[in-house]
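Q: Generate a structure from the sequence data that follows.
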Amino acid sequence: MKFAVIVFPGSNCDIDMLKAVEDTVGQPVDYVWHTATDLSAYDAILVPGGFSYGDYLRCGAIAQFAPVMSEIRKAAEQGKFVLGVCNGFQILTEAGLLPGALIRNKSLKFRCHPVDLRVENTKTAFTNGYEHGDLIRIPIAHGEGNFYCDDETLAKLQANEQIVFRYAGDNPNGSVDDIAGICNEEGNVVGMMPHPERAVSELLGSADGAGMFKSVLNAWRERNGAASVR
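A: Sure thing, here's the model as predicted:
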């Protein structure tokens, strides 16, 4: 399985993401610059956190127009696996690959600390290794992680089981319905504000994020008739 880690000007979690893939599943992984026009060689596309294009205008607002985004849209439509974390989540919403928007934290403060998440959907490519209701500890680092959508969109997310993670206990940013992560209707595109790539070893304070990388490898292996990994 081949992973691509997309790098925009201002990305700063790309190294964390690449190392997480290497350390958890040991599969081939490349950095791919935002000007790339061909992602056909990759099975999973990871859009990392940071401050793409300096977060000018709005988080992810400029990145959505990068040449690589048309390839990410194509990959998503083909059923390939796409994960956007933090700024990556913001980019996926700006690009229309996921519904809703990420706005300023209700506190108007940057929040950077571990949080508890409840796994709400285990049917996605990135969460099939968890049990429904699992509590996992994953760090956050954002100033604009407040997920917002209108009532109609929220009802659709709830009805289609597109809410992947909710904050358990303290909601650090004011997100509607305590939403920390969502997916598209097909379950191959996931966006979340917490950073699973920073929670892949107990040395980092938690290894709970490792399951996301193992899950997507299992999803790919199942699709290709290979044995799963534990």
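Q: For Val229, give me the pLDDT.
A: We have a pLDDT of 63 for Val229.
Q: Grab the nearest non-local neighbour of Lys214.
A: Nearest residue to Lys214 in three dimensions, chain neighbours excluded: Gly129, at 5.3 Å (C-beta to C-beta, 6 or more residues apart in numbering). In this view, the C-beta of every residue, glycine as well, is placed from N, C-alpha and C.
Q: That neighbour is in what secondary structure piece?
A: Here Gly129 sits in a region with no helix or strand, counting by DSSP states H and E.
Q: And it, what's its pLDDT?
A: 97.
Q: Tell me who's in contact with it.
A: 211-212, 214-215, 218 (C-beta atoms under 8 Å, 6 or more residues apart in numbering).
Q: Most neighbours out of the residues you listed, which is it?
A: Met212 (30 neighbours; other C-beta atoms under 10 Å).
Q: C-alpha coordinates for the helix or strand where that residue lies, CSV please?
A: Per DSSP H and E: Met212 is located in helix 210-223. Extracted in CSV, the C-alpha atoms of helix 210-223 (Å, rounded to 0.1, in the frame of the first residue of the first chain):
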residue,chain,number,x,y,z
ALA,A,210,-2.1,4.1,15.7
GLY,A,211,-5.4,2.3,15.1
MET,A,212,-6.3,4.7,12.4
PHE,A,213,-3.3,3.8,10.2
LYS,A,214,-3.7,0.1,10.9
SER,A,215,-7.4,0.4,10.0
VAL,A,216,-6.8,1.9,6.6
LEU,A,217,-4.2,-0.7,5.8
ASN,A,218,-6.7,-3.4,6.7
ALA,A,219,-9.3,-1.7,4.5
TRP,A,220,-6.9,-1.7,1.6
ARG,A,221,-5.9,-5.3,2.2
GLU,A,222,-9.5,-6.4,2.5
ARG,A,223,-10.2,-4.6,-0.8
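Q: got a list of contacts for it?
A: 1, 20-21, 24-25, 27, 43-44, 81, 83, 124-130, 136, 196, 199-201, 227-230.
Q: before we move on, the earlier item: looking at the contacts of Gly129, which one is closest to Phe147?
A: Minimum separation from Phe147 among the contacts of Gly129 (C-beta to C-beta) is found for Met212, which lies at 18.3 Å.
Q: From Leu154, how far off is that closest one?
A: 24 Å (C-beta to C-beta, to the nearest Å).
Q: Quick check: buried residues in stretch 195-202?
A: Neighbour-count burial for stretch 195-202, counted by 16 or more other C-beta atoms under 10 Å, picks out 195-200.
Q: Oops, could you answer that again for stretch 15-24 instead?
A: 16-18, 20-21, 24.
Q: Ok, stretch 58-71 next?
A: 59-64, 66, 68-69, 71.
Q: For it, measure first residue to last.
A: Terminal residues of stretch 58-71 are spaced 22 Å apart (C-alpha to C-alpha, to the nearest Å).
Q: distance between stretch 83-90 and the chain's centre?
A: Relative to the mean C-alpha coordinate of its chain, stretch 83-90 is positioned 5 Å out (C-alpha atoms, centre = their mean, to the nearest Å).
Q: do the same with stretch 5-15
A: 13 Å.
Q: Next up, the contacts around Lys156.
A: 99, 162.
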